[in-house]
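**Student:** sequence? don't have it. structure:
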């Protein structure tokens, strides 16, 4: 099992973010058969429930060390995480994986532009936006409006998720924050998820499959994201996520046999260029340690 409590200082934060993105899209693709059995909300809820089990096996929640001012952010992150997963799986149920990721990406893309301190930082989100348009190909045929709506709702949650994850990750070491927020996500999605699980076709393989997917996401993927966000700016991380639509199309091709078009391949190239360019200057400076002159202690 991965140990998130210690991170190698030589590992660049963008590599953890890329690994997390691949893990998220793989788990989403693997969730499609489970969605067919217990629905999108049921699948999301099962993933959160099994995620709680795995996270508590790795890092027990430090409830006694909680400060009152940290509780609202933890609850908000948990609720956003739960609905981000639920909305996105509902979108994947209706539209191709790569298209859903591209639409969802508009959420963190907006955050990247708003959080940038310099106007030049908006160049890369704009370039990525052009790539997203090429990936979605809105001029071809009809798109499931419900699927698009769910993807947009997931994108709004995704943008909030990135901001809240960085805040919570700054307050809690390793994945201790996840061990507190994922239970909230499970409770938040229970009203929609439990009825679908009970009313669905709960065959023998559904629970083991959901458990395996939960180990990928939320445990490994969200843990890597939290570690990456502790060492990156909002703009760099948000624009680096522009690579995720490309990963969505790649995983959709390999796992779900969803073939990309030539125009989508051009869009992939644009978002990769934007994401690579955004990495420059994207490392967060560590919090300075002030030495008291009287005592010589931090």
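**Tutor:** Yep, that arrived. Here the structure is a predicted model, which means the values were calculated and not measured. Numbers count the residues shown, from 1 in each chain.

**Student:** residue 272 - how many residues pack around it?
**Tutor:** 16 (other C-beta atoms under 10 Å). Every residue, glycine included, has its C-beta placed from N, CA and C.

**Student:** show the contacting residues for residue 61.
**Tutor:** By C-beta atoms under 8 Å, 6 or more residues apart in numbering, the contact set of residue 61 is 176, 179, 180, 183.

**Student:** please repeat the previous calculation with a cut-off of 10 Å.
**Tutor:** By C-beta atoms under 10 Å, 6 or more residues apart in numbering, the contact set of residue 61 is 52, 55, 74, 172, 176, 177, 178, 179, 180, 181, 182, 183.

**Student:** which SS class is it?
**Tutor:** coil (DSSP: H, G, I helix; E, B strand; the rest coil).

**Student:** quick check: phi and psi at it.
**Tutor:** phi -60, psi 130 (degrees, to the nearest 10).

**Student:** ok, it to residue 187 distance?
**Tutor:** Going from residue 61 to residue 187 by C-beta to C-beta, to the nearest Å gives 14 Å.

**Student:** now for the two: what residues contact both?
**Tutor:** Joint contacts of residue 61 and residue 187 (C-beta under 10 Å, 6+ apart) are residue 52.

**Student:** residue 201 contacts residue 38, doesn't it?
**Tutor:** Yes: at 7.2 Å, residue 201 counts as touching residue 38 under the criterion of C-beta atoms under 10 Å.

**Student:** those helices in this protein, which residues are they?
**Tutor:** Assigned helices in the chain, in chain order: 13-58, 71-92, 97-104, 106-115, 123-136, 145-171, 178-199, 206-214, 221-229, 234-240, 244-256, 262-278 (criterion: DSSP state H).

**Student:** out of those, which gets the lowest mean score?
**Tutor:** Confidence, taken as mean pLDDT, is least for helix 234-240 of the helices of the chain (a mean of 69).

**Student:** residue 274 against residue 122, yeah?
**Tutor:** No: Residue 274 is beyond contact range of residue 122, at 11.1 Å (criterion: C-beta under 10 Å).

**Student:** looking at the two, which one has more neighbours?
**Tutor:** Counted by other C-beta under 10 Å, residue 274 and residue 122 do not tie: residue 274 has more neighbours, with 25 against 16.

**Student:** distance check, the residue nearest to that one when sequence neighbours are not counted against residue 134.
**Tutor:** Nearest residue to residue 274, sequence neighbours excluded (C-beta to C-beta, 6 or more residues apart in numbering): residue 128, at 3.8 Å. Between residue 128 and residue 134 the distance is 11 Å, computed by C-beta to C-beta.

**Student:** with adjacent residues omitted, what lies nearest to residue 259?
**Tutor:** Residue nearest to residue 259 in three dimensions, not counting chain neighbours: residue 253, with 6.4 Å by C-beta to C-beta, 6+ apart.

**Student:** now do the contacts for the one you found.
**Tutor:** Counted by C-beta under 10 Å, 6+ apart, residue 253 has contacts 29, 96, 97, 98, 259, 260.

**Student:** and of these, the nearest to residue 108?
**Tutor:** Proximity of those to residue 108, judged by C-beta to C-beta, is greatest for residue 98, which lies at 16.3 Å.

**Student:** hmm, that closest one is touching residue 268, no?
**Tutor:** Yes: at 8.9 Å, residue 98 and residue 268 qualify as touching, with contact defined as C-beta under 10 Å.

**Student:** okay, the two: which has more neighbours?
**Tutor:** Neighbour count, other C-beta under 10 Å: between residue 98 and residue 268, residue 98 has more, with 27 against 23.
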